[in-house]
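A.B. asks: model this:
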Amino acid sequence: MPAALGLPPIADNLAEGFVLKPDATIAAAERPVIKRKSFELDEARFDEASPWEAEVNLAVDSLVTLASRLFNASRVASARSKLGKAAPRSVLVDEMALEVLVDLADIFPRALQAHSGADAELLRGAPSKAADEVIEAMGAR
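C.D. replies: Below you'll find the model as predicted:
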């Protein structure tokens, strides 16, 4: 379409769809209109998406994976803002791990409560390990 109008082409410019209307004078009530959406932008293809389930029970390895994804530079900055720049690394790690466990408990309350024993220990220890790795990767103390 851009070329037909004398415009330069735009890379990866997808049309949302098209609308067909007759090129004739017709009463509005009788005017046929046909609308078609392109597949890439059709909302109907997401109809099979599943709703959020906060009460779902997740396996320990899934929770550990989720926890590890919650550690980043922003999480380090958040913990530092609470503790100060002089806080020892171990205290920083503990604060970051606590923040992540609180976030996970908010997101998946039942999943965290469902685990006990060795699984619960793994859930408590994994965030500390991930926090320490992020701090190490950032070159922070």
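A.B. asks: For this structure, which segments are assigned as helices?
C.D. replies: Residue ranges of the helices in the chain, as given by DSSP state H, are 60-69, 73-83, 89-107, 109-113, 117-138.
A.B. asks: The ones you listed: which one's closest to Lys35?
C.D. replies: Judged by Cβ to Cβ, the one of the helices of the chain that comes nearest to Lys35 is helix 89-107, at 38.4 Å. Yep, even glycine has a C-beta here, placed from its N, CA and C like the rest.
A.B. asks: Just checking, which helix or strand of this protein averages the lowest pLDDT?
C.D. replies: helix 109-113 (a mean of 81; mean pLDDT, DSSP states H and E).
A.B. asks: which helices and strands does it pack with?
C.D. replies: helix 89-107 (3 or more Cβ pairs under 8 Å, 6 or more residues apart in numbering; DSSP states H and E).
A.B. asks: How about Val64: what's its closest non-neighbour residue?
C.D. replies: Excluding its sequence neighbours, the residue lying closest to Val64 (Cβ to Cβ, 6 or more residues apart in numbering) is Ala126, at 4.4 Å.
A.B. asks: thinking again about what came up before, reformat the helices of the chain as JSON lines; add mean neighbour count and distance to Trp52.
C.D. replies: Shown next, in JSON lines, are the helices of the chain (neighbours: other Cβ atoms under 10 Å; distance: least, Cβ to Cβ, whole Å):
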{"stretch": "helix 60-69", "mean neighbour count": "16", "distance to Trp52": "14"}
{"stretch": "helix 73-83", "mean neighbour count": "15", "distance to Trp52": "23"}
{"stretch": "helix 89-107", "mean neighbour count": "17", "distance to Trp52": "9"}
{"stretch": "helix 109-113", "mean neighbour count": "15", "distance to Trp52": "13"}
{"stretch": "helix 117-138", "mean neighbour count": "16", "distance to Trp52": "21"}
